[in-house]
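Chemist: Let's see this in three dimensions:
(2 chains)
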Protein chains: 2
Amino acid sequence: MTQQARAVETRAAIIRAAADVFGDLGYGGASMADICLAAGLTKGALYFHFASKDALALAVIDAQHERALALGDELLHSEQPGLQVLLRMAFELGRQVRDDPVSRAGIRLTMESSNLSTPVVTPYEDWMAACEVLLQRAIRDGDVRADVDVAAAAHFISPAFTGVQVVSGVLTGRADLVQRLVEMWSFVLPSLVVPDQWERLSALPEEMAAAWG
Amino acid sequence: MTQQARAVETRAAIIRAAADVFGDLGYGGASMADICLAAGLTKGALYFHFASKDALALAVIDAQHERALALGDELLHSEQPGLQVLLRMAFELGRQVRDDPVSRAGIRLTMESSNLSTPVVTPYEDWMAACEVLLQRAIRDGDVRADVDVAAAAHFISPAFTGVQVVSGVLTGRADLVQRLVEMWSFVLPSLVVPDQWERLSALPEEMAAAWG
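Modeler: Below is the predicted model:
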């Protein structure tokens, strides 16, 4: 293995170890010493790759955001109707948060980022933008009513998802997250869907949960 | 002032100072030394009242929860219809979080409580229970459809509120919280309200925001 390949691998291993520590303890509770221990590295080796806890927290946020963006990119380019993709995004993102430590830690750090020198707003803005695009597509598909304020809807759906996954985390360690997302969508869809399409679309939350939860 | 009155006052002053520090830095980021400094007390004096950071965080959560319960109690006993009271609860709780440092810190600590030795689930459970009671009252009032699953609705409304206030905090320091709560309710009400009552009730989010936001 070349020296460069080894450095890339070490960096990835540090990010995984940091994600475990940040995910358990949050930004404030985690120390560089904890992360050294989790990564099995000396302090010198850790600081060679990341100059500070801030830099490491931002790297975890970036790694999570990259995975979420890859998911978002795949979904935005899928051939499925906009409303299906919007729900699928929520269930697949929920699965990432539930099952992948880097995603879980990244979302937690983003939420806690008022502690960092620069609050991290891009992930929220990106998700709201993606929701808006999908809602506009769903209007063109004839599934969502043309008079829905898509900016306002996106600005509710994204924070609602955030709250549902946080509270599911506190109350059940996210064991009930899929069921909570089904309920979330069952209470949001009636304000979006074209009445004539309701019968066809009302079971969408359960269908998406079965496929992607 | 008696010694006991002085002790009560010092305790309250410590909780206010701790709320400022926890509210800014979160549980993990705050230290007992920061709180001593903010309270203007020696470490000995602080530890006389609170044996640990955990104990102090729980006291802030209790203080916030007491204020929220007092609000909840007042609202549950009000003569207004259930749906009005449900929305009013969200707007008044939003105002508490936005304007009162102890409430803000308490809600943040509750969210971060997976760090504490015992996760704090009572506030979530209490709010969900209050939502359920109010939705049942709203069904009896003839405003909410009898076939609404009130447990599921309560289990969505409460986390949705949590997410909306957290994201409003990250993106705007809660400056846009009232507007975001208006939007939240405008997207949730259609799935709750009896169709015949829609015209009368559709402006409720704006009315409640004007009165209690």
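Chemist: tell me the pLDDT at the spatially closest residue to residue A:31 that is not a sequence neighbour?
Modeler: Of all residues not flanking residue A:31 in the chain, residue A:53 sits nearest, at 7.5 Å (C-beta to C-beta, 6 or more residues apart in numbering or on different chains). (Each C-beta comes from the backbone N, C-alpha and C, glycine too.) At residue A:53, the model reports a pLDDT of 91.
Chemist: count of neighbours near residue A:53?
Modeler: 18 (other C-beta atoms under 10 Å in any protein chain shown).
Chemist: Identify the residue nearest the geometric centre of chain A.
Modeler: residue A:93 (5.0 Å; C-alpha atoms, centre = their mean).
Chemist: The host helix or strand of it: which residues count as buried?
Modeler: Taking DSSP states H and E as the definition, one finds residue A:93 inside helix A:82-99. Judged by neighbour count using 16 or more other C-beta atoms under 10 Å in any protein chain shown, the buried positions of helix A:82-99 are A:82-98.
Chemist: Determine whether any part of the longest helix along chain A lies close to chain B.
Modeler: Criterion DSSP state H: the longest helix present in chain A is helix A:3-29. Yes: Helix A:3-29 is in contact with chain B by C-beta under 8 Å from any C-beta of the partner chain, via A:25-29.
Chemist: Just name the closest of these to residue A:178, please.
Modeler: residue A:26 (24.6 Å; C-beta to C-beta).
Chemist: distance of the nearest residue to the closest one once chain neighbours are set aside from residue B:21?
Modeler: If the residues on either side of it in the chain are set aside, residue A:26 comes closest to residue B:28, at 4.6 Å by C-beta to C-beta, 6+ apart. According to C-beta to C-beta, to the nearest Å, residue B:28 and residue B:21 sit 12 Å apart.
Chemist: Which helix or strand contains residue A:45?
Modeler: Here residue A:45 is assigned to helix A:43-49, by DSSP H and E.
Chemist: Just the CA trace of that helix, in CSV.
Modeler: Extracted C-alpha coordinates of helix A:43-49, given in CSV (Å, rounded to 0.1, in the frame of the first residue of the first chain):
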residue,chain,number,x,y,z
LYS,A,43,-2.4,11.9,20.2
GLY,A,44,0.4,12.8,17.8
ALA,A,45,-1.0,10.6,15.0
LEU,A,46,-4.5,11.9,15.5
TYR,A,47,-3.4,15.5,15.4
PHE,A,48,-1.4,14.8,12.3
HIS,A,49,-4.7,14.2,10.5
